[in-house]
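**Q** Got a predicted structure plus its sequence, pasted below:
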Amino acid sequence: GDLPVWSDDTIKMLQRAAAKCVPLGFQVASECLAQREQMIRLTTGSARLDGLLQGGIETGSITELHGEFRSGKSQLCHQLCISAQLPLDQRGGEGK
């Protein structure tokens with residue numbers, strides 16, 4: 001089908017509404033780095049896996065697990081639920 005034709009005023013109104021929902025802006029790399037350094041990494045319970053993941057599973061982001069049936073994906077998710085409750089000094093998330 002044909003796409004709807006919207007007036008310039010309608011488009012501007014939609015842009016203003018979207019800008020209120022999703023604030024866009026510029027961030028310099030040093031600010032981005034400072035935020036990334038503050039991210040908590042949850043331990044997986046495995047020192048070797050944590051090493052491969054550069055310290056564990058990063059919070060504040062989406063991590064996708066993929067693997068064969070019975071490869072431990074659900075077990076890892078359960079472990080991360082526990083790790084999220086641990087204090088920071090035990091490489092947890094303090095329940096946040």
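**A** In hand now; what should we look at? A quick note: this is a predicted structure, and the numbers were derived from the prediction, not measured.

**Q** And H66, its phi and psi?
**A** phi -140, psi 140 (degrees, to the nearest 10).

**Q** Determine the longest helix present in the protein.
**A** helix 8-21 (DSSP state H).

**Q** Mind checking the pLDDT average for that one?
**A** The average pLDDT for helix 8-21 rounds to 91.

**Q** Let me see the residues that make contact with that helix.
**A** W6 (Cβ atoms under 8 Å, 6 or more residues apart in numbering). Where C-beta positions appear, they are placed from N, C-alpha and C, glycine not excepted.

**Q** One more: stretch 70-83?
**A** 42-45, 56-57, 65-67, 91-93.

**Q** Among those, which ones are in strands?
**A** 42, 57 (DSSP state E).

**Q** For the contacts of stretch 70-83, which single residue is the most surrounded?
**A** Tallying neighbours with other Cβ atoms under 10 Å puts L42 at the head of these, with 24 neighbours.

**Q** ok, it touching G60?
**A** No - using Cβ atoms under 8 Å, L42 is not in contact with G60; the gap is 10.9 Å.

**Q** What about S7? Give its phi and psi, please.
**A** With angles defined as degrees, to the nearest 10, S7 sits at phi -70, psi 160.

**Q** now the helices for this protein?
**A** 8-21, 29-37, 47-52, 73-83.

**Q** what's the closest non-adjacent residue to the residue sitting nearest the centre point of the chain?
**A** The centre of the chain sits closest to S61, judged by Cα atoms, centre = their mean, with a distance of 0.8 Å. In space, and not counting its chain neighbours, S61 is closest to M39: 7.8 Å by Cβ to Cβ, 6 or more residues apart in numbering.

**Q** so what's that neighbour up against?
**A** 58-61.

**Q** Of the helices of the chain, flag the one that's most buried.
**A** For the helices of the chain, the largest average neighbour count (mean count of other Cβ atoms under 10 Å) is found in helix 73-83, namely a mean of 14.
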